[in-house]
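> Structural data only, the sequence is not supplied:
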Ligand SMILES: O=c1ccn([C@@H]2O[C@H](COP(=O)(O)O)[C@@H](O)[C@H]2O)c(=O)[nH]1
């Protein structure tokens, strides 16, 4: 969570836009908290900040659109400001069609086929959004992306995603509660009470297990609670790549050269820093610069597996230069608790928990995988994804499945030390991997960039054939 979002959330609370107590919602049901963003129009500076954050989100997610439409009424001033900031026309959806004159449902200039984004203040059941979407689609515009300020986490978001829309929210209620607790505005007891009450009222739709393999990466962004996963999903969608390069090479010069050549084609550059010769601060900075230039994340595949106290110190060092770190669940909860509470903890750094291994006769059992996933769920703001081999490992579409042991050659099924390989189509379509890890299949080639592009194309085509 960045500082702007945090400060804005505190301001919302101070301005009375977030309230705790006993409230009756539009649906008639009772709630222990209320989000009233109608008050925002009385605070022009906050209004401007809010619309800048929504506009930044729109650019970050690389959303292409022609027009903006707000859900009446609270989101109307928000969509107006966003229209001004992005210099894109706005359309106005009437709540009731006029009985006279043009009888237009949607006012403003637009063309059939125009891509229209929808803006809403709070998502509860999603029904108000769907009413606006229906009217906008009925006049021939196309809706793909929905922006909202807060998701009340009551099933509406899932409903929208299940219908194929990409939803982009600034906050979930859980994130708001966490910020307010960190700022000592509310207590842990209050959060527990609110969450328990929220669970009682969550639409049954939310418990329908979505087939994560069928959801696009764009649609899964809103389902993740981990900032690093949000970033990774965004990179994958923007660059059309689900390829992670395992740069298992000793020579730092070769590593940097590989990163630069293959960088445009990958979402993650994975290394084992402890095998690299002469990996100093200078080279770390150089790798970070290349990652920024080509928009990929750096993963340290250290598979941390010690007691929490040791792991905390290891994590502190590694998170200075890596965005993602692999962690074994074998030590139990302490390993994730330690990372979460590490001094200098950077919330943008994410963990990939190892739930299964690719090597033959490894000692991981189905029960171990299940218990690993229970930990992943408990620490879902920290855990970006799961290293595993099979789609049965987990269902939550907010986690990213990363699967190693991939080779384009069908004839290569193993190495002499127990590594097992599958083809890109098999790991992505059958095994539901979101990201395939490829090492020697690329780094041993005389032209790594050429072969990496072949892998990228095959992996991406397999992903496209899998999603709805
Ligand atoms: O289960 C696992 C977990 C991690 N790895 C890592 O992936 C690469 C695979 O390299 P190849 O050359 O493509 O075999 C390597 O860095 C491993 O440490 C894995 O293989 N299996």
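Sure, I can see it. Given the structure is predicted, the values throughout are model-derived calculations rather than measurements. Numbering: from 1, shown residues only.

> what's the neighbour count on residue 251?
12 (other C-beta atoms under 10 Å). The way it works is simple: take the backbone N, C-alpha and C, and place the C-beta from them, glycine included.

> burial count for the closest residue to it other than its chain neighbours?
Nearest non-adjacent residue to residue 251, counting by C-beta to C-beta, 6 or more residues apart in numbering: residue 277, 6.6 Å away. By other C-beta under 10 Å, the residues close to residue 277 number 10.

> surely residue 277 meets residue 250?
Yes - judged on C-beta atoms under 8 Å, residue 277 makes contact with residue 250 at a distance of 5.3 Å.

> roughly how far apart are the residue nearest to residue 251 and residue 299?
Distance of residue 277 to residue 299, given as C-beta to C-beta, to the nearest Å: 20 Å.

> Just list the residues touching residue 433, thanks.
242, 401-403, 427 (C-beta atoms under 8 Å, 6 or more residues apart in numbering).

> what's residue 249 in contact with, if anything?
255, 258, 276, 443.

> The first one should be in a helix, yeah?
Yes - residue assignment for residue 255, taken from DSSP: H, G, I helix; E, B strand; the rest coil, places it within a helix.

> what does the model give it for pLDDT?
Looking at residue 255, its pLDDT is 98.

> I figured it was touching residue 248, is that so?
No - between residue 255 and residue 248 there is no contact under C-beta under 8 Å: 9.5 Å.

> List, one by one, the residues from the chain near the ligand.
246, 248, 301, 357-358, 387, 404-405, 419, 437-441 (C-beta under 6 Å from any ligand atom).

> Among those residues, which one lies nearest to the ligand?
The closest of the residues of the chain next to the ligand to the ligand turns out to be residue 439 (C-beta to the nearest ligand atom; 2.5 Å).

> List the residues that contact that closest one.
With C-beta under 8 Å, 6+ apart, residue 439 has these contacts: 245-248, 404.

> Now the two most distant members of the residues you listed.
247 and 404 (13.0 Å; C-beta to C-beta).

> Mind giving me the packing neighbours of the lowest-mean-pLDDT helix or strand in the chain?
None of the helices or strands of the chain scores lower by mean pLDDT, DSSP states H and E than helix 188-201, at a mean of 84. Under the contact definition 3 or more C-beta pairs under 8 Å, 6 or more residues apart in numbering; DSSP states H and E, helix 188-201 sits against strand 30-35, helix 173-182.

> how long is stretch 382-392 end to end?
Taking C-alpha to C-alpha, to the nearest Å, stretch 382-392 runs 22 Å from one end to the other.

> Okay, buried residues for that stretch please.
Within stretch 382-392, the residues scored as buried using 16 or more other C-beta atoms under 10 Å are 382-391.

> check contacts around the residue nearest to residue 251.
250-252 are the contacts of residue 277 under C-beta under 8 Å, 6+ apart.

> re the thing from before, identify the contacts common to residue 255 and residue 248.
Between them, residue 255 and residue 248 share the contacting residues residue 271, judged by C-beta under 8 Å, 6+ apart.

> what's the distance between the residue nearest the centre of the chain and residue 223?
Nearest residue to the geometric centre of the chain (C-alpha atoms, centre = their mean): residue 230, 2.3 Å. Distance, residue 230 to residue 223, by C-beta to C-beta: 10 Å.

> now residue 46
Taking C-beta to C-beta, one finds residue 46 at 28 Å from residue 223.

> Kindly report the same for residue 396.
For residue 396, the distance to residue 223 - C-beta to C-beta - is 8 Å.

> go on, residue 145?
On the measure of C-beta to C-beta, residue 145 and residue 223 end up 15 Å apart.

> re the thing from before, neighbour-wise, which one of the contacts of residue 439 leads?
residue 245 (28 neighbours).

> rewinding a little: can you pull the pLDDT of the residue nearest to residue 251?
Confidence score, pLDDT, at residue 277: 95.

> Residue 340 now?
90.

> ok, it - contacts?
379, 382.

> what about the stretch 151-300 of the chain, any weak spots by pLDDT?
201-210 (pLDDT under 70).
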